[in-house]
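> sequence and predicted model, in that order:
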Amino acid sequence: MADQWVKLELDVRRFDARRFEPYVERCVQRGLRLTTLADLGDTAGNRRLLYELNKECAADIPGRGEFHAFDEYLQERIDVPSFDPRGVVIALDGAEWIGMAATSDRRSSGFVFNEMSGVKADYRGQGVAIAMKTSGIGFAGLCGVDRIRTVHHAANARAVAMNRRLGYLDAEWEL
């Protein structure tokens, strides 16, 4: 079971955001907007939109299984102490939510945790995920930590490769 998961960690102090600015710039040039759930408003309607986007993007995760019901999603992902709408980066194409990178506040453990990054199928392969994750790295500073952790199923090679490109390194820690 342990070999199914790739555990990664980013030392934010070593992250060179300038290397990834072209991804953010390309999104802007294509008319996409990167923002946070805090800036959009942490409302019931926006939580529903986040849920629907998360559900659609998670459908392609190897071994994911059935997605949570909305009430369960709220209980397990939103209505928890680690949830902070400033840590949820949203990519918009006009009014359409096309991508998300949700990072939770685990500062009491010395890190923040990238829970989920996903982009709708029609927008994949265009650098949107890298742009969102680059934009979201500042959340670690807001929480006063210098490490971001994430975990991926080993069969999710594209997600693992993207995180390694950003500078995440293999790490050993308990799930």
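Okay, I see it. Numbering: from 1, shown residues only.
> for this structure, longest strand please?
The residue-count maximum for a strand in the chain (DSSP state E) belongs to strand 96-106.
> just checking: what are the partner strands of that strand?
Sheet pairing of strand 96-106 (DSSP bridges) gives strand 88-93 (antiparallel), strand 111-119 (antiparallel).
> wait, which of those is closest to residue 5?
Closest approach to residue 5 among the strands paired with strand 96-106 is made by strand 111-119 (13.6 Å; Cβ to Cβ). From N, CA and C alone the C-beta is placed, and that goes for glycine too.
> that closest one: which residues count as buried?
111, 112, 113, 114, 115, 116, 117, 118, 119 (16 or more other Cβ atoms under 10 Å).
> need the contact list for the spatially most central residue of the chain.
Nearest to the geometric centre of the chain sits residue 101, at 2.3 Å (Cα atoms, centre = their mean). Residue 101 is in contact with 88, 89, 114, 116, 117, 129, 132, 133, 135, 136, counting by Cβ atoms under 8 Å, 6 or more residues apart in numbering.
> kindly report the same for residue 82.
The contact partners of residue 82, by Cβ under 8 Å, 6+ apart, come to 104, 105, 106, 113.
> what do you get if the cut-off is 10 Å, keeping everything else the same?
Contacts for residue 82 (Cβ atoms under 10 Å, 6 or more residues apart in numbering) come out as 103, 104, 105, 106, 107, 108, 109, 112, 113, 115, 143.
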